[in-house]
Each structure stands twice: as C-alpha cells, then as structure tokens.
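In: no sequence on this one, just coordinates:
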C-alpha cells in the first residue's frame, strides 16, 4: 500500500480501530465482490470464451492460477471493471458509509455485533451542555440493529444505549435516528448517564 495514503488517513472518532492495512484489505474485498458479481452475470455459454481471454491475460500479467480457474476469471473481471482507486474508494466510504456497509453485507459476512459502524452523528444541547449523539449500526442475519453513543463535546468519556433500533435496512435505522428531536436524544442520554 502507498505510504502517503497510510499517513493521510486518520482514525475517525467513535469507530472501531481501522488501520490503513485493514482498510486496504476491505478495499480489495470490495473489488473482488464486484468482479464476482460481473462473473455471475455472464451467460454460461460465454464463460469458456471469457476464461480463455482471462487465462491469456493472467499469463501475461503473471497472476495465472492453474489450480483455480475461477480466481483467474475473477481477477480478469476485476481488471475489466472501472473500479475506483483506493483513495477514491476511501473518500466515498467516508461520505457514504451506509452504502458501503450494505454493499459488503450482500455477499460477505457483515460486521459482528462487536464491530458496529458509525454512520451518522448529531449535536444537541442537554442541560446547557453540547453533546454529540452518534448512530452505530450492524446486521444480525437479515435485520439491522443500531444503538446510540453519546459524548459531551470536549470530553472523551462515552455512554451508549442498548440496541434500540431494529429495521430491515441500515437506511431505515438511519431514518429512525433522524426522526429524533433534541428532547428524544436527551431522554436517551438521561437513560444511560450514571
């Protein structure tokens, strides 16, 4: 991985630690997922011809795996697709986290409950102090769950609710979160403060 990318990346607040290496492996998984989807769209009678082209390309590139023809075909599909470079993918992931969470959950295991993803945050005032409420989501089976994590502006200590959201999609969880006004956020905060 390019060292300049690793130096430019900073760990977002309220997220599980994602090192630059972990993010790069997630990027590679993203590329493979999309290549695999392309391969699945190809009619069966066209696969043989495409594999011949893939094998020639892989031999030329030095990446041919004679023991795994599907790996060669998937690598070739990845080469054919106009997928974004790592830096563009990383910026898009920061701007649209739900799209990336939902994309990765369609064909691969999703984040376990210990690894929820922060998808949005909002500031609100509670008892004259500024607080930040962040929404964290994860999937369990085909359903999406979510909880809130609170921190007072300028302080490190965090408080979080139980899993208070249960929806069909991560977008629906976010929509529910956006429906909370400051009074509702204050009530949830009050329920978790010592």
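Out: Sure, I can see it. Being a predicted model, the structure only gives us computed values, none of them experimental.

In: CA atoms for contacts and neighbours, from now on please.
Out: Fine.

In: Check the residue nearest to residue 31 when sequence neighbours are not counted and give its pLDDT.
Out: Leaving aside its chain neighbours, residue 31 sits nearest to residue 78 (6.4 Å; criterion: CA to CA, 6 or more residues apart in numbering). If you check residue 78, the pLDDT there is 90.

In: Got phi/psi on residue 78?
Out: With angles defined as degrees, to the nearest 10, residue 78 sits at phi -60, psi -40.

In: And residue 161, by the same measure?
Out: Dihedral angles (degrees, to the nearest 10) for residue 161: phi -80, psi 170.

In: residues contacting it?
Out: 147-149, 188-189, 191-192 (CA atoms under 8 Å, 6 or more residues apart in numbering).

In: Just after the helix or strand of the chain with the lowest mean pLDDT, pick out the following helix or strand.
Out: Of all the helices and strands that make up the chain, helix 3-8 has the lowest average by mean pLDDT, DSSP states H and E, namely a mean of 42. Once the chain leaves helix 3-8, the next helix or strand it forms, by DSSP states H and E, is helix 20-41.

In: on contacts alone, who are the packing partners of that following helix?
Out: Other elements packing on helix 20-41 under the criterion 3 or more CA pairs under 8 Å, 6 or more residues apart in numbering; DSSP states H and E are helix 3-8, helix 69-80, helix 86-95, helix 97-107.

In: quick one: it to helix 86-95, angle?
Out: Going by axes from the mean of the first three to the mean of the last three CA atoms, to 10 degrees, helix 20-41 is angled at 90 degrees with respect to helix 86-95.
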